[in-house]
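S.K.: everything below, folded, please.
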Amino acid sequence: MNKDTITFEEEIEKHGNLVYTNKGDSMMPLLRQGRDLMVITRKPEGRLKRYDVPLYKRDNGQYVLHRILKVREKDYVICGDNRWQREYGITDRHIIGVLSAVVRDGKKIPVTNYKYRIYVHVWCDFFYIRAALLWLRALPRRIKGKIKK
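M.R.: Predicted coordinates for the structure are as follows:
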């Protein structure tokens, strides 16, 4: 690693937050790849809550930003807004920071904004409908992949 390179953890520790653009489409439509900025702040004391969007580091070293769907006794059930498969086993030790705002087209939208909160409830409270639609949308690609094998 280049000695001038700073990790996400170091940036948050040093400045209290991280402003960064996302890679990938797992948080669409909230975050558009390469266009929107995410503002990540330090992890609060105690457990996170349902609908929080933590930045976490998987055991393999991969950084991920996904939404908490369920808080369990020892871990969280997490899923990207544009994904249908949930992830289990993410614990507090994995979490680096939490999304506090999105910057879209130059306008900062805090997670406390009422429009953001409506989006979150519509998007998450109907998870099974959204998951079914995403699964169906990906079906032709999966079938095509099986045919090629």
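
S.K.: so how far is the longest strand anywhere in the chain from its chain's centroid?
M.R.: When the chain is parsed with DSSP state E, its longest strand is strand 95-104. Relative to its parent chain, strand 95-104 has a centroid offset of 9 Å by C-alpha atoms, centre = their mean, to the nearest Å.

S.K.: and that strand, what's buried?
M.R.: In terms of neighbour count (16 or more other C-beta atoms under 10 Å), strand 95-104 has its buried residues at 95-102. For the C-beta atoms, the positions are set from N, CA and C on the backbone; glycine is no exception.

S.K.: what's the helix or strand for residue 77?
M.R.: Here residue 77, judged by DSSP states H and E, is contained in strand 76-79.

S.K.: and that strand, which strands flank it?
M.R.: Strand 76-79 has the following sheet partners, assigned by DSSP bridges: strand 67-71 (antiparallel), strand 87-90 (antiparallel).

S.K.: so, low pLDDT: which residues of the protein?
M.R.: Flagging of the chain using pLDDT under 70 yields the residue ranges 1-3, 149.

S.K.: next, format the buried residues of strand 95-104 as TSV and append distance to residue 82.
M.R.: Formatted as TSV, the buried residues of strand 95-104 follow (distance: C-beta to C-beta, whole Å):
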residue	distance to residue 82
95	21
96	21
97	21
98	19
99	15
100	21
101	20
102	15
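
S.K.: what's the local residue count around residue 62?
M.R.: Close neighbours of residue 62, defined as other C-beta atoms under 10 Å, add up to 8.

S.K.: and if you look at the one 4 residues further on?
M.R.: Counted with other C-beta under 10 Å, the neighbours of residue 66 add up to 22.
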